[in-house]
Every structure is written in C-alpha cells, then in structure tokens.
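structure here, sequence nowhere to be found:
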C-alpha cells in the first residue's frame, strides 16, 4: 500500500494516559476477549454439532460468530495498553481501518438477513420452507459479503488518497475515519459528508428497516394464541437486543458530520468490544434451542 503522505507512523493516544488505568483496562478487556472467543466458539460448535445448522436463523448466527474471530481492533488495543509508546504504521493503520469496516458491513447485512428470517418465520410461516431454502440462505450470505465489500471499497476510495500532513497523533485507540480526517492537509468537509452517507446512512436505513420488520412481526402475532405468542417473542427478542446494542452506538458515531467528541472512544467500545461479548451471552442464555444445544455439547 503506497504511502504518499508525510505521515508514516501514527501515534494512538489510546483510552487513557494513566498507566494504572491502562493496566486495569487490559485486565478487563482480556476478560472480554476470552468471553468473546469462548462464547462464539461454543455457539459455533453447538450449531455445527446439532440440527440447528439446518435452521436459517442459526445458519446466519454461525457466520455472525465467525466475524468476531478476525476483528483487528481488540488485539491492537490490548497490545497498546501495555506499550510505552502506542504507534502504528500507516500501512497497518489503513489495513486495520479497511478490515474493520469490511467486517462491520458484513455484520450489518447478516443482521438484516436474520431479521428477514424472523419475519418470514412468523408472517409467512406457510411458505417458510420454500422461501428460506438453503440456496436462498447461501445467496443471502453472498449478498452480505458483497455488501461489505462495496462498503469497504467506498471507504478505501475515500481515505487511501487522503493526504496526511500531521501532526501524527490521533485521539483514539484504533484507526477510524473521523480521527484520520484530522490529519489531512486539505479541507475534508466533502469527504466527511461522503463518510456520513457511506457509513451513517447505511446504518440508519438498515436500522429503520429492521425496526419496521419487528413492528410488522408484533402486529402479526397479537392475534396468535398465548403459547405461540410467547414462542414468537422468544424467537425475536434476542435478535432485537443485539440489533439495538450494535446500531445505537454505531449511529451515534457515524450519523453526524465529521467531528470527533471526547465520548467517541467510550461509545466505540460498545460496538467493538461490549456488543460482540454480549452477543454470545444473549444468544445462549435467552434462547431455549441454543441452551439445549449447548447442554448437549
């Protein structure tokens, strides 16, 4: 990745300048990282070793759990918490940025696919097996990866040709778009608007679509018998919780103009660490079928 900038090394200011706080954060995030790995590994094994893999919802969940294994943010953060000087090369910074947005784009679209499955299960139950065939599920996964690739390519075009003059410090714990725009040599107002359109608007439209689908589900099940009503709510409640936890924090960062606030680093922790950690807990503890599969494993 050719670097045409004056900036070759970027200094990350991290979460805190206090060494004691950094050590405390390292211990806390190490626990979170272990929970993420073990929780998602347990989900994947439980799904693959049971008949749940044949159900579209868990087919998508298996792919969603896979995404947590290759996240580039947490390993870099934990390494920097113990380092005296938190630096990252320009090439590694760009790589981290693009992988992060590529995976996040796929996650957004997989969550949409899971919402579509939930809607079809309850509102189109008669034709469910025809609509959500394995071929359809594979097509949805391919579409999700394509959507993530398009989002990644858009982010790549916006930032790779951005000339950075310095200073070479960014007030964040990983390379994010808004933080990098602060290092640009030229006016970045138009680029900031494109980032809002590329990241913020995609997240907002997807969140509105997801919320609308759940409104239709709740409207449909109100006339169901009490037993089916409870089962339908149980099926979707876990997914709604994951969606809200992820999208609310992403929207806080990317739906506004290209400005950075002191709260950005704290909010970013939710969609990079907290949300992935709670994903495994929510899907295993609040879902009866998942709990039964885990017990069998």
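Arrived safely, thanks for sending. Bear in mind the structure is a predicted one, so any value in this text is a computation, not a measurement. Numbering: from 1, shown residues only.

contact partners for the nearest residue to residue 132 once chain neighbours are set aside?
Nearest residue to residue 132, sequence neighbours excluded (C-beta to C-beta, 6 or more residues apart in numbering): residue 56, at 4.5 Å. Yep, even glycine has a C-beta here, placed from its N, CA and C like the rest. Counting by C-beta atoms under 8 Å, 6 or more residues apart in numbering, residue 56 touches 117, 132, 136, 137.

if you set the cut-off to 7 Å instead, what comes out?
Counting by C-beta atoms under 7 Å, 6 or more residues apart in numbering, residue 56 touches 117, 132, 137.

can you put the residues you listed in JSON lines and add secondary structure and neighbour count?
JSON lines is the format used below for the contacts of residue 56 (DSSP: H, G, I helix; E, B strand; the rest coil; neighbours: other C-beta atoms under 10 Å):
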{"residue": "117", "secondary structure": "helix", "neighbour count": "24"}
{"residue": "132", "secondary structure": "coil", "neighbour count": "21"}
{"residue": "137", "secondary structure": "helix", "neighbour count": "18"}
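
ok, of those, which one's closest to residue 277?
Comparing the contacts of residue 56 against residue 277 with C-beta to C-beta picks out residue 117 as the nearest, at 23.7 Å.

the closest one reaches residue 132, doesn't it?
Yes - under the criterion of C-beta atoms under 7 Å, residue 117 makes contact with residue 132 at 5.9 Å.

where along the stretch 51-200 of the chain do the helices fall?
Using DSSP state H, counting those that start in this stretch, the helices of the stretch 51-200 of the chain run over 56-67, 73-82, 90-123, 128-131, 134-160, 177-181, 189-195.

of all the ones you listed, which one comes closest to residue 170?
helix 177-181 (4.1 Å).

ok, and for the helix or strand that residue 206 is a member of, which residues are buried?
Using DSSP states H and E, residue 206 sits in helix 201-221. Of the residues in helix 201-221, 202, 203, 204, 206, 207, 210, 213, 214, 217, 221 count as buried by neighbour count, 16 or more other C-beta atoms under 10 Å.

any chance of those residues in CSV, plus pLDDT?
What follows is the buried residues of helix 201-221, written out as CSV (pLDDT from 0 to 100):
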residue, pLDDT
202, 85
203, 87
204, 88
206, 88
207, 89
210, 86
213, 84
214, 81
217, 80
221, 74
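
could I get those as a markdown table with distance to residue 144?
Below are these laid out as a markdown table (distance: C-beta to C-beta, whole Å):
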| residue | distance to residue 144 |
| --- | --- |
| 202 | 13 |
| 203 | 15 |
| 204 | 18 |
| 206 | 11 |
| 207 | 16 |
| 210 | 14 |
| 213 | 16 |
| 214 | 19 |
| 217 | 21 |
| 221 | 27 |
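
what is the burial count for the closest residue in space to residue 99 that isn't next to it in sequence?
Closest residue to residue 99 apart from its sequence neighbours, by C-beta to C-beta, 6+ apart: residue 72 at 4.8 Å. A total of 19 residues lie near residue 72 under the criterion other C-beta atoms under 10 Å.

likewise for residue 127?
Residue 127 has 9 neighbours, counted by other C-beta under 10 Å.

against residue 58, how distant is it?
Distance from residue 127 to residue 58, counting by C-beta to C-beta, to the nearest Å: 20 Å.

returning to that earlier point: what separates the helix holding residue 206 from the chain centre, distance-wise?
18 Å (C-alpha atoms, centre = their mean, to the nearest Å).

list the contacts of that helix.
Under the contact criterion C-beta under 7 Å, 6+ apart, helix 201-221 has outside partners 108, 111-112, 115, 118-119, 122-123, 151, 229, 232, 236, 240, 243, 247, 250-251, 254-255.

ok, back up a step: does the residue nearest to residue 99 really touch residue 97, like I thought?
No - contact between residue 72 and residue 97 fails when scored by C-beta under 7 Å: they sit 8.8 Å apart.
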